[in-house]
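Enquirer: Provide a 3D model corresponding to the input given below.
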Amino acid sequence: MKPDIIVSSNDLERLEGLLHGASARSRADLDALRDELARADVRDAEDLPDNVITMGSRVRFREELSGKEYVLTLVYPHEAGQDAGNKVSVFSPAGSALLGLSTGQAIDWRTPDGNAIRIQVIEVEQPADAA
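Expert: Have a look, this model is predicted:
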């Protein structure tokens, strides 16, 4: 069972625009993101709880089996390779799995090598421009 997710109307609009673009339209690897957006509870940005992962959020999460913690910033695809830092594209499996989750929630997903893992969100820090 997938956890409930919340997505801002601004993030939804921009992501749908990217997904309908020529370079992404026929990419089957983005179907998981499309599915996540279709089932999301969409809210205006001012109505989002502070602990929800949105675009630009810095997220600390734990891989439950190993206990290893990671800190990543969820970004748009064109931002993933910019600068130094731990950025993850929303077009990646990890990025699409994180979008819309809240602190304390967990989700199961498959790594690129096919392993099933469960990650749990520990902390969400909103981007500076979200205020």
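Enquirer: now the strands for the chain?
Expert: 6-8, 41-43, 58-63, 69-75, 87-89, 106-110, 116-125 (DSSP state E).
Enquirer: and the last one with strand 69-75, angle?
Expert: Between strand 116-125 and strand 69-75, the angle comes out at 70 degrees (axes from the mean of the first three to the mean of the last three CA atoms, to 10 degrees).
Enquirer: okay, strand 116-125 in PDB with CA atoms only?
Expert: Presented in PDB, the C-alpha positions along strand 116-125 are these (Å, rounded to 0.1, in the frame of the first residue of the first chain):
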ATOM      1  CA  ALA A 116      13.300  -3.600  -2.900                       C
ATOM      2  CA  ILE A 117      14.000  -1.200  -0.100                       C
ATOM      3  CA  ARG A 118      11.900   0.800   2.400                       C
ATOM      4  CA  ILE A 119      12.700   4.400   3.200                       C
ATOM      5  CA  GLN A 120      11.300   6.500   6.000                       C
ATOM      6  CA  VAL A 121      11.300  10.300   6.100                       C
ATOM      7  CA  ILE A 122      13.000  11.700   9.200                       C
ATOM      8  CA  GLU A 123      13.000  15.400   8.500                       C
ATOM      9  CA  VAL A 124      11.900  17.900   5.800                       C
ATOM     10  CA  GLU A 125      13.400  21.400   5.400                       C
END
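Enquirer: packing partners for it?
Expert: strand 58-63, helix 93-98, strand 106-110 (3 or more CB pairs under 8 Å, 6 or more residues apart in numbering; DSSP states H and E). To be clear about C-beta, it is placed using only N, CA and C from the backbone, and glycine gets the same treatment.
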